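**Q** The following comprises the amino acid sequence and a computationally predicted model.
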Amino acid sequence: MSKAYYMGVDQGTNGTTALILNEKWRVCGKGYAQHQQHYPKPGWVEHDPEEIWQKTQTSIVSALDAAGLEARDIRALGLANQGETCLLWDRKTGEPVYNAIVWQDRRTAQAADHLKTDHEEPIREKTGLPVDAYFSGLKIRWILDNVPDARRRAEKGELMAGTLDTYLLWKLSGRALNVTDPSTASRTMMFNLHTGDWDREILDFLNVPRAILPEIVDSSGVLGVTRNRRFGATIPIGSSLVDQAAALFGQACFHPGAVKTTYGTGCFMLLNTGEAPVSSLNGLITTVAWRFHGGTTFALDGGVYITGGAIQWLKDNLKIIQKTSDAEVLSYTVPDSGGVYFVPAFVGLAAPHWDQYARGMIIGITGGTTRAHIARATLEAIAYQVRENLDVMRIDSGTDIKEMRADGVAVVNRFLMQLQADMLGIPVDVPVIKETTALGAAYLAALGIGDFGSLEEISAKWKLRKRYEPGISEDERESRLANWKKAVQRCRKWATA
């Protein structure tokens, strides 16, 4: 193939990244636009959907400008979305009836408790998910029940509901597309893993009308085209899927047993389990990774709510660092954390604990504790949480995981990556292109329009930047992990104490 360009758009928790790659799959343009986080009440987290739409357009245009290209030069665009964040909007005007409720939001925790008491077994069996405020279904019900006139308008067919992929695809396509894919649908707690469609019984449990939900289509294929004046030409839309599945694809984890972890606001470890869903008995999520060409690939997911978000908290709230990279610099100045352990359970604990009422805690502070010890304890907390999920993943999958691929913004932190290898006891591989979520979306878009003939072609594109080998003894590893687990137990159920 001569000159060809592909775009991957990663709409994330803090901002939107657009990546343009050429026919050799090298980055030739990048755009990024950050959006605001809104915290109207303790435990509530919201985004302005209109702002996200504007910032998504800005990131796409910025990437085109950076590459010196125009929209007509792009063969296909792929979209990755932040997952459980969802909203409702007017079918005619496009105006949201309320802000998007973010995946971190905990306002539906008590509703989740009631739903768990009544219907936990069928929901887990059908969806592969625990009943938790994390997932979209309860958020959609909250908007229907708490925004004036929302339920009446929904029942009259005036409103649409969806995760951010549905909203952005609808906007990008000039309101032609009203779709989601199975990987994103499987994060809503309304999707049946076994039928591949919305589950009517669970919709009844939640009192969510089926008519407001989008059609579920394949993750890769010719979905439609963009129709947007800012772009100047139409771009074929070749893929759409949830961010963590996109990162799994971008890391070329195409075979059962392959595992990756993405380091962003939170940390998300996914293990490819192949063509059949694998149930977890120990706190992981069973999810769809992608669906195309008549086949579905499933994954086990170990998600951690707050990891990079804790580093951001050190900067923005505690102000003990001026920029996030200072956490790495400070950590090198002390030999250890001085006995300090930081459990960043700002919005509870996700896998493998699933404690909606845990809260953040720093313990082990003495008169000799410095900001360097706290910075190091923050990075150690990331490594410990990922290790907990790897242990459970090995048990639930029966897979002896030999290595882990890492991606996301934090992989530039060499201290953290070495610490992670030390705590896992296996090598951690960092690829050349660290924005693997956008990369995976672009790969799937190229596959969707037929520019790749096989997954092996894509796998050959993956390039290693650096491998981190473990460098501590098993005794030290287990001792530190045991202290971490003691700290976790002390923060459990705090909000209900």
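**A** Good, I have the coordinates. Only a predicted model underlies this, so the values are computations on that prediction, with no experimental measurement involved.
**Q** Can you show me the strands along the stretch 251-400 of the chain?
**A** 259-263, 267-274, 285-292, 295-304, 341-343, 361-363 (DSSP state E, counting those that start in this stretch).
**Q** which one of these lies closest to Leu223?
**A** Smallest distance to Leu223 across these (C-beta to C-beta): 11.2 Å, for strand 285-292. All C-beta atoms are positioned from the backbone trio N, CA, C, and that covers glycine.
**Q** so how far is that closest one from its chain's centroid?
**A** How far strand 285-292 lies from its chain's middle: 13 Å, per C-alpha atoms, centre = their mean, to the nearest Å.
**Q** What pairs with it, parallel or antiparallel?
**A** Note on strand 285-292: by DSSP bridges, its sheet partners are strand 295-304 (antiparallel).
**Q** List the buried residues for the partner strand?
**A** Buried residues in strand 295-304, counted by 16 or more other C-beta atoms under 10 Å: Thr296, Thr297, Phe298, Ala299, Leu300, Asp301, Gly302, Gly303, Val304.
**Q** In this structure Gly368 contacts Ser337, no?
**A** No: taking C-beta atoms under 8 Å as the definition, Gly368 is not a contact partner of Ser337, at 11.7 Å.
**Q** Quick check on those two: which one has the bigger neighbour count.
**A** Ser337 (23 against 8; other C-beta atoms under 10 Å).
**Q** export the strands of the stretch 251-400 of the chain to JSON lines and tack on mean pLDDT and distance to Val208?
**A** Shown next, in JSON lines, are the strands of the stretch 251-400 of the chain (pLDDT from 0 to 100; distance: least, C-beta to C-beta, whole Å):
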{"stretch": "strand 259-263", "mean pLDDT": "95", "distance to Val208": "29"}
{"stretch": "strand 267-274", "mean pLDDT": "95", "distance to Val208": "25"}
{"stretch": "strand 285-292", "mean pLDDT": "96", "distance to Val208": "20"}
{"stretch": "strand 295-304", "mean pLDDT": "94", "distance to Val208": "23"}
{"stretch": "strand 341-343", "mean pLDDT": "97", "distance to Val208": "34"}
{"stretch": "strand 361-363", "mean pLDDT": "97", "distance to Val208": "35"}
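**Q** Out of those, flag the one nearest Val432.
**A** strand 259-263 (14.6 Å).
**Q** Show the model's pLDDT score for the residue nearest to Glu201 when sequence neighbours are not counted.
**A** Distance criterion C-beta to C-beta, 6 or more residues apart in numbering; nearest residue to Glu201, sequence neighbours excluded, is Pro122 at 6.8 Å. Here, the pLDDT recorded for Pro122 equals 96.
**Q** thinking Thr76 is in contact with Asp451, fair?
**A** For residue 76 the amino acid is Ala, not Thr. Yes: between Ala76 and Asp451 there is a contact under C-beta under 8 Å: 7.5 Å.
**Q** what residues are shared contacts of those two?
**A** Tyr6 (C-beta atoms under 8 Å, 6 or more residues apart in numbering).
**Q** Compare those two and say which is more crowded by neighbours.
**A** Ala76 (28 against 17).
**Q** still on that earlier bit, what's the neighbour count on the residue nearest to Glu201?
**A** Burial measure for Pro122: 13 neighbouring residues, criterion other C-beta under 10 Å.
**Q** Which elements pack onto the helix or strand harbouring it?
**A** Taking DSSP states H and E as the definition, Pro122 sits inside helix 109-127. Helices and strands touching helix 109-127, as assessed by 3 or more C-beta pairs under 8 Å, 6 or more residues apart in numbering; DSSP states H and E, comprise helix 136-146, strand 191-192, helix 200-206.
**Q** Looking at those, which is nearest to Ala446?
**A** strand 191-192 (26.3 Å).
**Q** what does the closest one contact?
**A** When contacts are defined by C-beta under 8 Å, 6+ apart, strand 191-192 is touched by residues Lys126, Thr127, Pro182, Ala185, Asp197, Trp198, Asp199, Ile202, Ile216, Val288.
**Q** Derive a PyMOL selection command for the buried subset of those.
**A** The buried subset of those, as determined by 16+ other C-beta under 10 Å, is captured in PyMOL by this line:
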select buried, resi 126+127+182+185+198+199+202+216+288
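**Q** circling back: closest one of the buried residues of strand 295-304 to Trp354?
**A** Nearest to Trp354 among those, with distances taken as C-beta to C-beta, is Gly303, at 10.2 Å.
**Q** Next one: the closest one relative to Glu95, how far apart?
**A** Separation of Gly303 from Glu95 (C-beta to C-beta, to the nearest Å): 31 Å.
**Q** coming back round to it: need the strands of the stretch 251-400 of the chain in CSV (columns: distance to Gly31).
**A** Below are the strands of the stretch 251-400 of the chain laid out as CSV (distance: least, C-beta to C-beta, whole Å):
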stretch, distance to Gly31
strand 259-263, 20
strand 267-274, 23
strand 285-292, 25
strand 295-304, 27
strand 341-343, 34
strand 361-363, 37
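**Q** now the residue lying farthest from the centre of the chain: how far from Asp336?
**A** Outermost residue of the chain with respect to the C-alpha centroid, by C-alpha atoms, centre = their mean, is Gly367; its distance is 38.2 Å. Per C-beta to C-beta, Gly367 is found 17 Å from Asp336.
**Q** would you list every one of the helices in the stretch 201-350 of the chain?
**A** Counting by DSSP state H, counting those that start in this stretch, the stretch 201-350 of the chain has helices at residues 243-250, 308-313, 326-331.
**Q** from the ones you listed, which stretch is densest packed?
**A** Comparing the helices of the stretch 201-350 of the chain by mean neighbour count (mean count of other C-beta atoms under 10 Å), helix 243-250 ranks first with a mean of 32.
**Q** Please save the CA atoms from that helix in PDB.
**A** What follows is helix 243-250, C-alpha atoms only, in PDB (Å, rounded to 0.1, in the frame of the first residue of the first chain):
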ATOM      1  CA  ASP A 243     -11.000   1.700  26.100                       C
ATOM      2  CA  GLN A 244      -9.500  -1.200  27.900                       C
ATOM      3  CA  ALA A 245     -10.500  -3.700  25.200                       C
ATOM      4  CA  ALA A 246      -8.900  -1.300  22.600                       C
ATOM      5  CA  ALA A 247      -5.700  -1.300  24.700                       C
ATOM      6  CA  LEU A 248      -5.700  -5.100  24.800                       C
ATOM      7  CA  PHE A 249      -6.000  -5.100  21.000                       C
ATOM      8  CA  GLY A 250      -3.400  -2.400  20.600                       C
END
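**Q** got a list of contacts for that helix?
**A** 8, 10-12, 78, 80-83, 183, 219, 241, 258, 260, 262, 268, 270, 272, 287-290, 299, 301, 303, 407-408, 433, 436-441, 443-444, 458.
**Q** and Glu70, what does it touch?
**A** Leu64, Gly232, Ala233.
**Q** Can you tell me the closest non-neighbouring residue to Thr297?
**A** Nearest to Thr297 is Ala289, by C-beta to C-beta, 6+ apart, at 4.4 Å.
**Q** Look at Gly43 and report its pLDDT.
**A** Confidence score, pLDDT, at Gly43: 89.
**Q** Can you tell me the closest non-neighbouring residue to it?
**A** Arg106 is the one closest to Gly43 (C-beta to C-beta, 6+ apart), at 4.0 Å.
**Q** The one you found belongs to a helix?
**A** No: using DSSP: H, G, I helix; E, B strand; the rest coil, the assignment for Arg106 is coil, not a helix.
**Q** Could you verify my assumption that it touches Leu138?
**A** No: judged on C-beta under 8 Å, Arg106 makes no contact with Leu138 at a distance of 10.5 Å.
**Q** More neighbours: which of those two?
**A** More crowded of Arg106 and Leu138, by other C-beta under 10 Å: Leu138, with 26 against 22.
**Q** Pull the number of nearby residues for the residue nearest to that one when sequence neighbours are not counted.
**A** Counting by C-beta to C-beta, 6+ apart, Leu138 lies nearest to Thr108, which is 4.0 Å off, once chain neighbours are set aside. When counting by other C-beta under 10 Å, one arrives at 23 neighbours for Thr108.
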